[in-house]
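Student: Give me coordinates for this.
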Amino acid sequence: METKKVLKNIEDFTSIEEIDFDKMDLYKGETPVDINDQCLQLCKDYLSGEWIQQTVDTITVRRVTGGLMNQLYYCGINEPNLTSKVPQEVAIKLYGEKPIKTTDNKYDRLNDTIIDLMVSVNQLGPKVYALFEHGQIQHYYKHRQFKPVEQSNKKLVNEVFRKFSRIHAMDVPIKRTHNMFMKEAEVSYKYLFNDNDINIKERFEKYNCETLLTADLKSEYEWIKQIVSKVNSPLIFTHNDFRSSNLLITESMDKTDGPIVVCDFEFSSYGYRGMDFQSIIMEWSRKQFDFSTDGLPHDDSILRPLIEIYVDECQQIHGKEFSANSVNTVDHIIYEIKIFTLIRYFFGTIIALKKDLEDNSNTKYKPMVCLF
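Tutor: Numbering: from 1, shown residues only. Predicted coordinates for the structure are as follows:
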């Protein structure tokens, strides 16, 4: 007797221990009933070539796992022309709602378009074949994720941190103000402490939040604002979600490891260099989805070789000017990472508190996409 797979929504779980992330497919929103027709028409309109002769019966369309903000679909011709210059299989990304905006609504997707085109041209992100109002057509990569097991592969680790430095070196024509995470934290703080209708202490007491009840969040917020200005972390173009799930180890023609492609630049903006290291560094020397341990590796000797790769690539990009600046030493970057780890934890806490209050004030539950 065939066992039917039971699908659960994220709100069906009551604790993190119930979730087996290795066996979990993450989708957002219902798949449109006419998705095959949509994907085929997009390929006909923007790719032309062999796609003009195709019907929904001669192509394969399937939902791709992942993508908490956007919907991602594989679309391929069943009998491909291997000599054609037109891609015979592609990934189609349909935009969804972004939980946190990197800029004002008017320009948010415009920024995404600029960034995705630039990382495509610089061979840092997915190759873009077409852009349309509500999405993109990208190259389809056969790949696996850069999971913690890959951290022992020196070749792959070297490529990850050299690509990271090249992303930071990009000169992107978007607003050069500090990233959305800092702005969202400020908005969240004002929402929690400047709104007289909100008694945050009652919330802490209701859920027995012992640490939050004893902490003076207002004083900590003022201290953090002061220390940020003293860290001297450069303002650069940042990915803001540079983690293993967004690093694709592509498969070459002979099925060996190909180049790493960095994906999901939706949260990219200008911001503090030290802040951008958080996502990848906090995954180091721990198992994927291991929530029993958290924070940075305790030994700097684990961080140092990773930052040395990054600094070496920056020196090759920028020349002697980079290494002559004391803020670009390995020691200073490690210092930045440690300071911004504290800041990210604090800001992550107040952003989550604001989101929790907003969700509980709505009749319809909206699960939060956690960036920290």
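Student: what about dumping the CA coordinates of stretch 165-177 to CSV?
Tutor: Output in CSV follows, covering the C-alpha atoms of stretch 165-177 (Å, rounded to 0.1, in the frame of the first residue of the first chain):
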residue,chain,number,x,y,z
SER,A,165,35.5,39.4,-2.0
ARG,A,166,34.6,40.0,-5.7
ILE,A,167,31.0,40.7,-4.7
HIS,A,168,32.1,43.2,-2.1
ALA,A,169,34.3,44.9,-4.8
MET,A,170,31.4,45.5,-7.2
ASP,A,171,30.5,49.1,-8.0
VAL,A,172,26.7,48.9,-8.2
PRO,A,173,24.7,52.0,-9.3
ILE,A,174,22.2,51.9,-6.4
LYS,A,175,21.7,54.1,-3.3
ARG,A,176,24.8,54.0,-1.1
THR,A,177,23.3,54.1,2.3
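Student: quick check, distance from that stretch to the centre of its chain.
Tutor: Counting by Cα atoms, centre = their mean, to the nearest Å, stretch 165-177 is centred 16 Å from the centre of its parent chain.
Student: which of the residues in the helix or strand encompassing Asp45 are buried?
Tutor: Using DSSP states H and E, the element containing Asp45 is helix 35-46. The neighbour-count check on helix 35-46 (16 or more other Cβ atoms under 10 Å) flags Ile35, Asn36, Gln38, Cys39, Leu40, Leu42, Cys43, Tyr46 as buried. For glycine as for every other residue, the C-beta is placed from the backbone atoms N, C-alpha and C.
Student: now the residues you listed as JSON lines including distance to Leu110 and pLDDT?
Tutor: Compiled in JSON lines, those are given as follows (distance: Cβ to Cβ, whole Å; pLDDT from 0 to 100):
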{"residue": "Ile35", "distance to Leu110": "26", "pLDDT": "95"}
{"residue": "Asn36", "distance to Leu110": "29", "pLDDT": "97"}
{"residue": "Gln38", "distance to Leu110": "23", "pLDDT": "97"}
{"residue": "Cys39", "distance to Leu110": "24", "pLDDT": "97"}
{"residue": "Leu40", "distance to Leu110": "27", "pLDDT": "98"}
{"residue": "Leu42", "distance to Leu110": "20", "pLDDT": "98"}
{"residue": "Cys43", "distance to Leu110": "24", "pLDDT": "98"}
{"residue": "Tyr46", "distance to Leu110": "19", "pLDDT": "98"}
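Student: how distant is the helix holding Asp45 from the center of its chain?
Tutor: Helix 35-46 sits 27 Å away from the centroid of its parent chain (Cα atoms, centre = their mean).
Student: again, but for stretch 201-211
Tutor: Averaging C-alpha positions (Cα atoms, centre = their mean) puts stretch 201-211 31 Å from its chain's average.
Student: Repeat that for stretch 174-194.
Tutor: Computed by Cα atoms, centre = their mean, the separation of stretch 174-194 from the middle of its chain amounts to 18 Å.
Student: now swap in stretch 331-347 and tell me
Tutor: Its chain's C-alpha centre and that of stretch 331-347 lie 19 Å apart, by Cα atoms, centre = their mean.
Student: Then stretch 182-202?
Tutor: 25 Å.
Student: Any idea how far apart the tips of that stretch sit?
Tutor: Chord length of stretch 182-202, first to last residue, is 26 Å (Cα to Cα, to the nearest Å).
Student: buried set for that stretch?
Tutor: By 16+ other Cβ under 10 Å, the buried positions in stretch 182-202 come out as Met182, Lys183, Glu184, Ala185, Ser188, Tyr189, Tyr191, Leu192, Ile198, Ile200.
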